[in-house]
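Q: Kindly return the folded structure for what I paste below:
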Amino acid sequence: MSESGGENLYDEVISAPEPQQIDEELSTKLGLLAEDAILRGRPYQSEDCHTCVYYLDTDKDVSYCWHPKLRILVGAEWWCQWWEEIPAE
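A: Residues are numbered from 1 along each chain as shown. Now for the predicted structure:
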């Protein structure tokens, strides 16, 4: 309605976003996965996901890790216990 009609487009109250049950379940599941993998958001010495054989696209800052025990998106600078050097060609 128009401003003269009483109700205004800007009168709608938008509630704050809240996590849903699925978000809490996924958070718990992924937290356990990260703990099991000893997944860290920083490199370990010269080892990082970007230099790991399981990091799918080394040209990206975030890519898919296809290690059978992870299979999640990871950051290039991250590290986990299953890091393996990319073989020299």
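Q: got a pLDDT number for the spatially most central residue of the chain?
A: Residue closest to the mean C-alpha point of the chain, counted by Cα atoms, centre = their mean, is L73 at 5.4 Å. With respect to pLDDT, L73 scores 96.
Q: got a list of contacts for stretch 37-44?
A: 33, 69-70, 74-75, 77-83 (Cβ atoms under 8 Å, 6 or more residues apart in numbering). In this view, the C-beta of every residue, glycine as well, is placed from N, C-alpha and C.
Q: what do you get for stretch 70-84?
A: Contacts for stretch 70-84 (Cβ under 8 Å, 6+ apart): 30, 33, 37-44, 47-55, 58, 60-65, 67, 69.
Q: mind redoing it with 10 Å?
A: 30, 33-34, 36-45, 47-69 (Cβ atoms under 10 Å, 6 or more residues apart in numbering).
Q: ok, now stretch 24-35?
A: By Cβ under 10 Å, 6+ apart, stretch 24-35 touches 19-20, 39-41, 69-72, 74, 78, 80.
Q: what about the strands in the protein?
A: 62-65, 72-75 (DSSP state E).
Q: related to what we said a few turns ago, can you name the residues bridging to the residue nearest to the centre of the chain?
A: Beta-bridge pairing for L73 (DSSP bridges): Y64.
Q: that older thread, JSON lines for the strands of the chain, including distance to A88?
A: As requested, the strands of the chain are exported to JSON lines (distance: least, Cβ to Cβ, whole Å):
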{"stretch": "strand 62-65", "distance to A88": "21"}
{"stretch": "strand 72-75", "distance to A88": "23"}
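Q: picking that back up, how much space between the residue nearest to the centre of the chain and K29?
A: 14 Å (Cβ to Cβ, to the nearest Å).
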